[in-house]
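K.L.:
All I have is the shape, not the residue letters:
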């Protein structure tokens, strides 16, 4: 009798922690990238924000798209009234995601994606000396777009309609302006679920 009672308590407790998945997730995230940018010898640290949406086929498979904007100040970085020169990047990726422990409160996942990366430089001067000492800084203020693809994973903390993306790390490869490079993208943020199953 005691054994049956314990089994009943365990089953009820486990089911109370089971997390349902909505049909659609919308997200807003903090993102970090380290990229090669115009007029810089070394890659630079770029911080940004990402927005996206994911359609869940079932509890473990979803297809999503993310768009992120990233920023790096070059000069005049006082934080008041803008800057004099900066680099920016825009990343659009889409692909599948697989949850490895569907139904649990802590859900690790893996995902792959592909898309486009745009990297550019802008300043308030038509012609300015290059930081490298060679030529001038991108006087035409041109940007470059190329292909990008990523693969990685992370862990989510499920809280009903809200999902906390505790952390996600992707290995990102990109080819912009004929130069290929690899880097790491870090993401953390919030997701909100819509179309939850009825109890």
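P.N.:
Great, that's in hand. Everything numeric in this text was worked out from a predicted model, so none of it was measured.
K.L.:
what bits of this protein have low per-residue confidence?
P.N.:
1-19, 39, 76, 78-83, 124-142, 197-199 (pLDDT under 70).
K.L.:
by contact count, what packs against the helix or strand containing residue 188?
P.N.:
Element membership for residue 188 (DSSP states H and E) is strand 179-194. Contacts defined by 3 or more CB pairs under 8 Å, 6 or more residues apart in numbering; DSSP states H and E place strand 179-194 against strand 24-35, strand 44-56, strand 143-159, strand 162-176. In short, each C-beta sits where N, CA and C put it, glycine included.
K.L.:
Give the pairing partners of the first one; include direction for each.
P.N.:
Using DSSP bridges, the strands paired with strand 24-35 are strand 44-56 (antiparallel), strand 179-194 (antiparallel).
K.L.:
buried ones in the last one?
P.N.:
By that I understand strand 179-194. Using 16 or more other CB atoms under 10 Å as the test for burial, strand 179-194 gives 183, 185-187, 189, 191, 193.
K.L.:
Turn those residues into TSV, including distance to residue 23.
P.N.:
Output for the buried residues of strand 179-194, formatted as TSV (distance: CB to CB, whole Å):
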residue	distance to residue 23
183	33
185	26
186	28
187	22
189	20
191	13
193	8
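K.L.:
Relative to residue 93, which of the residues you listed is nearest.
P.N.:
Ranked by distance to residue 93 (CB to CB), these are led by residue 185 at 9.1 Å.
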